[in-house]
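K.L.:
Okay, predicted coordinates and the sequence, questions at the end:
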2 protein chains.
Amino acid sequence: MNLTIGTLAAATGVHVETVRYYQRRGLLREPPRPLGGIRRYDEHDARRLNFIQKAKHMGFSLDEISSLLRLEDGSHCQEARELGERKLGLVRERIAQLRKVERALQGLLAACRANAGSVSCPLISALLDEQP
Amino acid sequence: MNLTIGTLAAATGVHVETVRYYQRRGLLREPPRPLGGIRRYDEHDARRLNFIQKAKHMGFSLDEISSLLRLEDGSHCQEARELGERKLGLVRERIAQLRKVERALQGLLAACRANAGSVSCPLISALLDEQP
DNA sequence: CTTAAAGCCGTACCTGACTACGGAAGCAAG
DNA sequence: CTTGCTTCCGTAGTCAGGTACGGCTTTAAG
């Protein structure tokens, strides 16, 4: 496998500029460029880029992905696990928070639907109410 | 009630600069300033600022809050409801997405804990795996 | 050999919601 | 009346994670 930046980008569903950006950030190596010319990537780079995409999907930030990539050889499970556990905690917090919002919104919208023609909108009133 | 920007900010738990920012964004009126001087706010402004804070908590963006504020008189429940319903949909999507992440992470971490000393870390391997 | 597409580079710009800065002017307490 | 905290203003910077630009060189196809 011998990829230019464009084919690598296309293959992994990422913009060319993003690949360059990841290189600047140190998430991808600067690949060899034979004879003063253009970057040549291999399947290792593609795998790494794939790793980054999946980790992003898991909610890891680019900085965290940096850390994970330093554990790429798989022999530091403990550290990887700690990172994962922190992330899982945050994900759960976020879910809990969103559920509160969901319930609040749900209640207000139900009141709105029951409202049918009254003067004041329950959603607006709730937001206007002085209570914290 | 006759508030300076500082007391208003303190009363609503917002930075002074943020109040000015909201004014620039059109979320708060420019309050009267008697005699070439400093802004004087009243409890209507405090209520509005409170409204903004609560709506932010509900996940509304400042642009959406602008829209909501235009319905402040409570007589356009239909429109407010539509905004709320859109938001609720987004909140639910986000929750669903985060739950997927939660489950994935949970599985990987369980594998990590069961791993105990094997060569390759399940979390890292999963991210490295070629499968989408 | 020519030409068009793709790659190169540094730098600037984008979104959203602020936050900081710095120097001038106002205001309240003593 | 002075001191010192607030407020005033416009502008610029912050964060993350890119995206865009423009002018230049390389490369691949015909």
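P.N.:
Great, that's in hand. Residues are numbered from 1 along each chain as shown, chains lettered A, B, ... in the order given.
K.L.:
what residues are up against the closest residue to DNA strand C within chain A?
P.N.:
Residue of chain A nearest DNA strand C, by Cβ to the nearest atom of the strand: residue A:6 (2.3 Å). Just so you know, the C-beta spots here come from the backbone N, C-alpha and C atoms, and that holds for glycine as well. Contact analysis of residue A:6 by Cβ atoms under 8 Å, 6 or more residues apart in numbering or on different chains lists residue A:16.
K.L.:
And it, how close does it get to residue B:16?
P.N.:
For residue A:6, the distance to residue B:16 equals 49 Å [Cβ to Cβ, to the nearest Å].
K.L.:
Now the helix or strand where the residue of chain A closest to DNA strand C lies: average pLDDT?
P.N.:
Assigned by DSSP states H and E, residue A:6 belongs to helix A:5-12. When pLDDT is averaged over helix A:5-12, the result is 96.
K.L.:
May I see the buried residues of it?
P.N.:
Buried residues in helix A:5-12, counted by 16 or more other Cβ atoms under 10 Å in any protein chain shown: A:5, A:8, A:9, A:12.
K.L.:
Columns distance to chain B on top of the residues you listed, output as a markdown table?
P.N.:
Formatted as a markdown table, these follow (distance: Cβ to the nearest Cβ, whole Å):
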| residue | distance to chain B |
| --- | --- |
| A:5 | 20 |
| A:8 | 14 |
| A:9 | 16 |
| A:12 | 10 |
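K.L.:
ok so, going back, just checking, next helix/strand downstream of the helix holding residue A:6?
P.N.:
Following helix A:5-12 toward the C-terminus (DSSP H and E): helix A:16-24.
K.L.:
any idea how chain A splits into domains?
P.N.:
Following automatic domain parsing, one finds the domains of chain A at A:1-70, A:89-132.
K.L.:
Any chance of JSON lines for the ones you listed, columns distance to residue B:116?
P.N.:
Formatted as JSON lines, the domains of chain A follow (distance: least, Cβ to Cβ, whole Å):
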{"stretch": "domain A:1-70", "distance to residue B:116": "20"}
{"stretch": "domain A:89-132", "distance to residue B:116": "22"}
